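Participant: Take a look and give me a structure for this.
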Amino acid sequence: MERKLFIFDVGGVVIYDTPIIEEFAEKYSLDFDEVFRDWKYYNKPLMDGYLDVGVFYRMLEHKYKIDLSNDNIMVTCYHPEENRPLKKIVGMLREKGHRVVTGSNTFAPHWDYLKAMDPSPISGFDHLYASHEIHFSKPEKAFFEYIIESEGFDRKDTFFFDDVPANVDSAASVGLNAFHYRLNNDELLEYLKPYLG
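Facilitator: You can find the predicted model right below:
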């Protein structure tokens, strides 16, 4: 079987989504909608690795008159849970000789936390691509171009899996085989059947 490249998103795919903003807002009795607007505004520079999380915390402290000096909210409000059936599928692909990597929008504290977990949800991949390390985030086409160039696979032999439709559409627009993952591992297995035989 010809070797393929499979790129998996992490949040909402390899791990189940965690309600970080909701927990933070509730913890400090803040208005969720206002916190969410601020989070969205700073999200991209954080994910692209151009804004230090500490600077973001200082902004939150100043605006909301709270003290985060002893509260790393990116960790204390973060409760990742591994999608074990999905990780089993990742292992099956690797056993067949395919290359399997992550392609994740993330922040340094989350990524460090995931790597330190025992067992780590992001262990068992051939390589880890994180937005804050490569300085591109989805749905930017440059995110996919970076991974394609780094991995050296033809686009027709590259598959991408994400729970966010905009990211799936962007991957498809640069010529990848893109699959919208909806926490349905039976559907995923059916799609992957030709590469697991």
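Participant: Determine the longest helix present in this structure.
Facilitator: The longest helix of the chain (DSSP state H) is helix 32-47.
Participant: So what touches whichever helix or strand comes after that helix?
Facilitator: Counting by DSSP states H and E, the next helix or strand C-terminal to helix 32-47 is helix 53-64. Residues from elsewhere that reach helix 53-64, judged by CB atoms under 8 Å, 6 or more residues apart in numbering: 28, 30, 35, 38, 42, 46, 66-68, 73-74, 107-109. To be clear about C-beta, it is placed using only N, CA and C from the backbone, and glycine gets the same treatment.
Participant: Just the buried ones from those residues?
Facilitator: Neighbour counting over those (16 or more other CB atoms under 10 Å) leaves 28, 30, 35, 38, 46, 66, 68, 73-74, 107-109 as the buried ones.
Participant: If we go by neighbour counts, what in the longest helix of the chain is buried?
Facilitator: For helix 32-47, by 16+ other CB under 10 Å, it's 35, 38-39, 43, 46-47.
Participant: gap between stretch 93-101 and the chain center?
Facilitator: Distance of stretch 93-101 from the chain centroid (CA atoms, centre = their mean, to the nearest Å) equals 19 Å.
Participant: Now that stretch: buried residues?
Facilitator: Applying 16+ other CB under 10 Å to stretch 93-101 flags 93, 98-101 as buried.
Participant: From those, which land in strands?
Facilitator: Using DSSP state E, the members of those that fall in strands are 99-101.
Participant: between those, which is closest to K87?
Facilitator: Closest to K87 out of those is V100 (10.4 Å), distances taken as CB to CB.
Participant: so what's that closest one up against?
Facilitator: 5-6, 8, 90, 93-94, 125-126.
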